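Visitor: here is a sequence with its predicted model. Questions after.
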Amino acid sequence: MILVTGGAGFIGSAVVRRLLRDRHTVRVVDDLSKGYVNLESDAPVEFIKADLRDGAETDRVVEGIDVCFHLAAKIGGIKYFHDYPATILDENNLMLSSVFRAAVKHRTKIVYISSSMVFERTSIFPSPEDAVFESPPPVTHYGFSKLVGEYYCRAFNEEYGVRYTICRPFNAYGPGEHPEDEPGIAHVIPDLARKVLNGDYPLEIMGSGQQQRCFTYIEDIADGIVTAGLHPKSENDDFNIGEDTPTTVEQLAHRIWELSGRSEPFQLAHTPALEHDIQRRIPDISKTARVLGWRPKISLDEGLRRTIDWLRTSVPAG
């Protein structure tokens, strides 16, 4: 049986759908703290509501599990990182401790979902997997908490023999990711898309707009995570999962504007950037392609069309 922690969340639910497509038996655990559930109500899974900060609850949900995809974490957009640093660091660490201790007891493989934020201070572009050892550690508490999880993988493997695969998604987006009322609490695509659909003019963005990201559609992210997590050559190794074509935030905003059908001339308004707004995140995915045979398939324009259509029909106007 396969366990997906955080399986009612944005990426977690996509991983569940991908696993079910291949007819795996899936258990989902989530504390439902986000306030919405992306998992379909009729999904053929065993669902358990549990708090993974609690070791006893975690032990109960990991029992009988062969592979655990660990996605449960405190996560949000850039302002979330600034507003809740202690919550992020403390609660993510508590969950790591509980999950890895349970993995030792139940001989469970961990597929740890890290983040491109572990590369936030790198100067190596595109960034291969081993750049994580050659770059300064992240300065944000979220990025650092994700790097700590990678060290948990290696430490528990060395001392207890826990098998692992590390996956680093790059800027996942798509249907199922909700915007928030305050800019920067959610991620950039749902925030910008809602502003465009609400008729905001000019379109407000944080910073210069020249920040570069590699936006990767949610179905590609889930496919990459499942491919890596279950591939026989992935054990005790790490893989970048993402698109490798950089897009600036200004270019992204322009594409959302056009794909949403706005008739006014495109115009931006700039607010000050937050302190830890990383300027470049670009993965080297050659190792993932070589070892796993995986590359993303959905173009940015196609992914944005699907996302905008979902926001039009499924999310109330702000």
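Guide: Good, I have the coordinates. Numbers count the residues shown, from 1 in each chain.

Visitor: C-alpha only now, for contacts and for neighbours.
Guide: Noted.

Visitor: pLDDT below threshold where in the stretch 51-200 of the chain?
Guide: For the stretch 51-200 of the chain, the stretches with pLDDT under 70 are 76-78, 81, 181-185.

Visitor: show me the strands in it, by range?
Guide: 67-70, 109-113, 164-169, 172-173 (DSSP state E, counting those that start in this stretch).

Visitor: from those strands, which stretch is densest packed?
Guide: Comparing these by mean neighbour count (mean count of other Cα atoms under 10 Å), strand 164-169 comes out on top with a mean of 27.

Visitor: show me what it is packed up against.
Guide: strand 109-113, helix 141-160, helix 218-230, strand 237-241 (3 or more Cα pairs under 8 Å, 6 or more residues apart in numbering; DSSP states H and E).

Visitor: redo that, cut-off 6 Å
Guide: Strand 164-169 sits against strand 109-113, strand 237-241, with contacts defined as 3 or more Cα pairs under 6 Å, 6 or more residues apart in numbering; DSSP states H and E.

Visitor: paired strands for that strand, with orientation please.
Guide: strand 109-113 (parallel), strand 237-241 (parallel) (DSSP bridges).

Visitor: which residue, other than its chain neighbours, is closest to residue 171?
Guide: Using Cα to Cα, 6 or more residues apart in numbering and skipping the chain neighbours, the partner closest in space to residue 171 is residue 215 (4.9 Å).

Visitor: oh, that last question was meant for residue 30, not what I typed.
Guide: Looking at residue 30 with Cα to Cα, 6+ apart, the closest residue is residue 6, at 4.7 Å.

Visitor: surely that neighbour meets residue 73?
Guide: No: at 7.3 Å, residue 6 and residue 73 do not qualify as touching, with contact defined as Cα atoms under 6 Å.

Visitor: more neighbours: which of those two?
Guide: Per other Cα atoms under 10 Å, whichever of residue 6 and residue 73 has more neighbours is residue 6, with 26 against 23.

Visitor: follow-up on the earlier one: columns distance to residue 122 on top of the strands of the stretch 51-200 of the chain, output as TSV?
Guide: Shown next, in TSV, are these (distance: least, Cα to Cα, whole Å):
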stretch	distance to residue 122
strand 67-70	25
strand 109-113	19
strand 164-169	15
strand 172-173	20
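
Visitor: those strands: which one's closest to residue 284?
Guide: Of all the strands of the stretch 51-200 of the chain, strand 164-169 sits nearest to residue 284, with 11.2 Å by Cα to Cα.

Visitor: now residue 34: which helix or strand?
Guide: Per DSSP states H and E, residue 34 falls between elements, in no helix or strand.

Visitor: how much space separates the residue lying closest to it once chain neighbours are set aside from residue 39?
Guide: What sits nearest to residue 34 in space, not counting adjacent residues and going by Cα to Cα, 6+ apart, is residue 9, at 7.7 Å. Plainly put, residue 9 is 7 Å away from residue 39 if you go by Cα to Cα, to the nearest Å.
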